[in-house]
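**Q** no sequence on this one, just coordinates:
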C-alpha cells in the first residue's frame, strides 16, 4: 500500500530512536529492531509512570544514571506470561514430541526469552511427569536480569496459580500442580528440585551467539516483538542451535512462513507451531 | 474536501457481533480501505469471528497476522488473547503485553497505534460495549487528525462504551448503524 498519510508526532519518533540508540551504545542492550509500535507504547508508559516530561528527559537520565537501566528494562521487556499457557501446546509436546526425545540418552532444552520463568517451570514439570527430567539440562535465558532473578526464585502470586492449575490439567497432566509448590503468605514457591538441572543465563537473541546443541527450543511470544530482520536473526540462531531432527516451538501467532530459514524446518504439528529441524 | 482515508479501525465489545453483522456485510466488493477490527471475546472462544463473518461479507475476512502488510478491501480481526497494533509503515503487529481495561485485544492499543501510523487517514469507530475501552484510543485518533465516529448510545445494545468515547472525544460524530454504513461508503466515494 501507499505510505500512510501521517499526522504523527515526528519529534517523539526521533526521541525514541535516539533513546534506543543511547541504550544500545551505553549498555549494549539493542532494542533498535524491536517492533516499534509496541516499544513506543511501553516507552510512553514509562515516561508517564517514571515522571519524565519527555522521552529526551529519559535519555539524559539513562545515559548518566546506570540505576535507570533496570527500571527501563522492566518496561522494554515483557514479563506477562503464565504456566502452561496454551495447554494444547504442552499436550502436543507431551504426546507427540517427547516420544521422540525419549530415544536420546541425554537432552538439552532451551527456553529462549524465559522472562519470569513460567514456561521453564511448565516444561520442567512436564519432563518430570514424563520421566525425562533426569536426563535433561534446561537452559533458561533472558536479557532482563531482574526477570531472571524472578525465574530463579520460582515464586508466583497465589492468585495466578488457579489459572496455572487449570492450564496444567488441560495439558494432560499426570500429577497435580500442587505437588510442586508450597503456598505461603499468598505466594506459591515452586520446588527447588525443579531447577536443579536448569542453567539460568543472560543471553540476547539480538546480539549473542549459539552456546549449545539443543533437542528442543521453546520460544513463544518473543518473536512478535521483533521486526522481520530480527525475527530472521533469531530463527537463524535456533536453526544453528538445534540438533538435526530437533524441535522448535513458537507462539500460537508466530510462524516460520516468512523466514528465509523456513527451508531448514518442517512443520511437525502445524496448529501448535511446533517445527522440526531438517536432517540437512 | 478531505482526502480519502487510508484505513478504518473498529472497536466493539458487548453486542459486537450483532452490530458488526449489520456493518461489515454492507461494505461492497471493491471497497478500497483495509478494515481493522478489535472485538472483546473470551480467550477460549478462539477465532470463531473470522468464520462467522467470512461467509457473510463481500470483502476478504481474515485474522490479523504478525508483520502482515495491510491490503485494501480486507477485514482483519485481532486474534483473541493478543493485542493488534499498526506499525509506522502500515503493517500489522501483535503483542502479548498486559491486558488493557482487562481486555486483550484492547481497542485503545489498536486505535493509538493506528492513529500514529495513519494520522489524518484514519477513521476510528467505537460501537456498543460495557466498558471504557476505546475512549482514549478514539481521542488519539481525533488528535492525530483522523475522523472519530461513535455509535449513537441510544441505539447501542450496550451504551457504556459509546458514552465513554463521546465523553473523552466530544468532537466525534454520532450515528446509528445505518448512518455509520453511509459514512463508510461516502468516505471512499469518488
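**A** All right, it came through fine. Note that the structure is predicted; figures quoted are calculated from it, not measured.
**Q** Tell me which residue in chain B sits closest to chain A.
**A** Closest to chain A within chain B is residue B:119: 3.2 Å, counting by C-beta to the nearest C-beta. Bear in mind the C-beta positions are built from the backbone N, C-alpha and C, glycine included.
**Q** ok, how many other residues are close to that residue?
**A** Neighbours of residue B:119 under the rule other C-beta atoms under 10 Å in any protein chain shown: 19.
**Q** Secondary structure element holding residue A:91?
**A** helix A:87-92 (DSSP states H and E).
**Q** contacting residues around residue 109?
**A** Picked chain A for this. A:123, A:127, A:136, A:137, A:138, A:139, A:214, A:215, A:216, A:217, A:218 (C-beta atoms under 8 Å, 6 or more residues apart in numbering or on different chains).
**Q** ah, I was thinking of chain B
**A** Neighbouring residues of residue B:109 by C-beta under 8 Å, 6+ apart: A:41, B:38, B:83, B:84, B:85, B:95, B:97, B:100, B:137.
**Q** a markdown table for those residues, including pLDDT, neighbour count and distance to residue B:21?
**A** Shown next, in a markdown table, are the contacts of residue B:109 (pLDDT from 0 to 100; neighbours: other C-beta atoms under 10 Å in any protein chain shown; distance: C-beta to C-beta, whole Å):
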| residue | pLDDT | neighbour count | distance to residue B:21 |
| --- | --- | --- | --- |
| A:41 | 95 | 21 | 31 |
| B:38 | 98 | 29 | 16 |
| B:83 | 97 | 28 | 24 |
| B:84 | 98 | 28 | 20 |
| B:85 | 98 | 30 | 26 |
| B:95 | 95 | 26 | 28 |
| B:97 | 93 | 21 | 30 |
| B:100 | 95 | 19 | 26 |
| B:137 | 98 | 28 | 23 |
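**Q** Just put these in CSV and tack on distance to residue B:32.
**A** Formatted as CSV, the contacts of residue B:109 follow (distance: C-beta to C-beta, whole Å):
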residue, distance to residue B:32
A:41, 28
B:38, 21
B:83, 26
B:84, 21
B:85, 22
B:95, 28
B:97, 31
B:100, 30
B:137, 23
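**Q** From the residues you listed, which land in helices?
**A** A:41, B:137 (DSSP state H).
**Q** Report how many residues lie close to the closest residue to residue A:279 other than its chain neighbours.
**A** Nearest non-adjacent residue to residue A:279, counting by C-beta to C-beta, 6 or more residues apart in numbering or on different chains: residue A:244, 5.2 Å away. Per other C-beta under 10 Å, the neighbour tally for residue A:244 reads 10.
**Q** For residue A:244, what are phi and psi?
**A** phi -60, psi 140 (degrees, to the nearest 10).
**Q** Relative to chain B, how far out is it?
**A** 28 Å (C-beta to the nearest C-beta, to the nearest Å).
**Q** quick one: contacts for that residue?
**A** So residue A:244 contacts A:277, A:278, A:279, A:280 (C-beta under 8 Å, 6+ apart).
**Q** Would you mind measuring from it to residue A:276?
**A** 9 Å (C-beta to C-beta, to the nearest Å).
**Q** and the contacts of residue A:244, which are buried?
**A** residue A:277 (16 or more other C-beta atoms under 10 Å in any protein chain shown).
**Q** what packs against the helix holding residue A:91?
**A** Judged by 3 or more C-beta pairs under 8 Å, 6 or more residues apart in numbering or on different chains; DSSP states H and E, helix A:87-92 is in contact with helix A:158-170.
**Q** Identify each buried residue in the helix it packs on, please.
**A** So for helix A:158-170, counting by 16+ other C-beta under 10 Å, buried means A:161, A:164, A:165, A:167, A:168.
**Q** My read is that residue A:83 contacts residue A:167, right?
**A** Yes - here residue A:83 reaches residue A:167: they are 6.2 Å apart, a contact under C-beta atoms under 8 Å.
**Q** so who does the spatially most central residue of chain A touch?
**A** Using C-alpha atoms, centre = their mean, the residue of chain A that lies closest to the mean C-alpha position is residue A:113, 2.7 Å off. By C-beta under 8 Å, 6+ apart, residue A:113 lies in contact with A:141, A:142, A:205, A:219, A:222.
**Q** let's go with 7 Å and repeat that
**A** By C-beta atoms under 7 Å, 6 or more residues apart in numbering or on different chains, the contact set of residue A:113 is A:142, A:205, A:219, A:222.
**Q** Report the spatially nearest residue to it, omitting neighbours in sequence.
**A** Leaving out its chain neighbours, the residue that sits closest to residue A:113 by C-beta to C-beta, 6+ apart is residue A:222, at 3.7 Å.
**Q** ok, that neighbour to residue A:177 distance?
**A** Distance, residue A:222 to residue A:177, using C-beta to C-beta: 24 Å.
**Q** quick one: residue B:19 from residue B:177, how far?
**A** Counting by C-beta to C-beta, the gap from residue B:19 to residue B:177 is 6 Å.
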